[in-house]
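[1] this one's structure only:
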């Protein structure tokens, strides 16, 4: 009979062993719970980082088109329906020494080349959010277009100058925010490109005739 004691002891130990394993489960779950909570807590932070990265990347094409449409509708109306002020252009033609208009033609085609370069610089300034350069380039092209009587281009360049200085269309008023100024300059550039295209076509056609 005494030989039964070790067997009973061994059987009892084998029966009681599973509770040790099940007791370990809550401990493991207790360890993993903070890890899960930390992972859940990290999600808002990750979302914030993603939003910040998206903001750096800039607006989507659809958002940009919507902004431009809204902004361009808010711009002042063009100064005139006429591409060229013939009074100013006529004064330029009077300086020509011959019927070929060599002097004024040279000025006109130099202006066209100059404008192409200036538009590239304006594009770069918009990308770099450089309002000072936008203002300077607007002022520069305003003078060149005025000399040829390109009144619509002249007016839009004047607006670019003012918006680059964060002022209203008259160059007055409280200083607007950088984002508002850039938005106006971007919309204005779209209109200015069209006006410059019309002015270029007009000049080319005039000197072909």
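    All right, it came through fine. Computed from a predicted model, the values in this text were never measured in an experiment.

[2] I figured residue 199 hits residue 149, correct?
    No: judged on C-beta atoms under 8 Å, residue 199 makes no contact with residue 149 at a distance of 9.5 Å. For the C-beta atoms, the positions are set from N, CA and C on the backbone; glycine is no exception.

[3] of these two, who's got more company?
    Neighbour comparison, residue 199 and residue 149: the larger count goes to residue 199, with 24 against 20 (by other C-beta atoms under 10 Å).

[4] ok, that one - contacts?
    With contacts taken as C-beta atoms under 8 Å, 6 or more residues apart in numbering, residue 199 has the following neighbours: 83, 84, 145, 148, 150, 152, 153.

[5] May I see the buried residues of the host helix or strand of the third one?
    Per DSSP states H and E: residue 145 is located in helix 131-147. Along helix 131-147, the positions that meet the burial threshold by neighbour count (16 or more other C-beta atoms under 10 Å) are 131, 133-142, 144-147.

[6] what's the closest of those residues to residue 167?
    Distances from those to residue 167 were compared by C-beta to C-beta; the smallest belongs to residue 135, at 9.3 Å.

[7] Tell me how far the closest one lies from residue 177.
    When distance is defined by C-beta to C-beta, to the nearest Å, residue 135 is 15 Å away from residue 177.

[8] quick one on the thing from earlier: which SSE is immediately downstream of the helix holding residue 145?
    The C-terminal neighbour of helix 131-147 among helices and strands, as given by DSSP H and E, is helix 151-164.

[9] same question for that following helix, mean pLDDT?
    The predicted model assigns helix 151-164 a mean pLDDT of 96.

[10] Now the closest residue to residue 167 other than its chain neighbours, what are its backbone angles?
    Counting by C-beta to C-beta, 6 or more residues apart in numbering, the nearest residue to residue 167 once its immediate chain neighbours are dropped is residue 173, at 5.9 Å. Recorded main-chain torsions at residue 173 are phi 80, psi 170, according to degrees, to the nearest 10.

[11] Can you report how many residues neighbour residue 173?
    Applying the criterion other C-beta under 10 Å, we find 11 residues in the vicinity of residue 173.

[12] Where does pLDDT dip in this structure?
    Applying pLDDT under 70 to the predicted model, the residue ranges of the chain that meet it are 1-72.

[13] packing partners for the helix holding residue 145?
    Applying 3 or more C-beta pairs under 8 Å, 6 or more residues apart in numbering; DSSP states H and E, one finds that helix 131-147 makes contact with helix 86-93, helix 102-127, helix 151-164, helix 178-208.

[14] Which of the helices or strands spans residue 99?
    Residue 99 belongs to no helix or strand, assigned by DSSP H and E.

[15] can you tell me which residues contact it?
    When contacts are counted by C-beta under 8 Å, 6+ apart, residue 99 touches no other residue.

[16] So it versus residue 105, what's the distance?
    Following C-beta to C-beta, the distance that separates residue 99 from residue 105 is 11 Å.

[17] next one: residue 204
    Distance check for residue 204 against residue 105: by C-beta to C-beta, it reads 10 Å.
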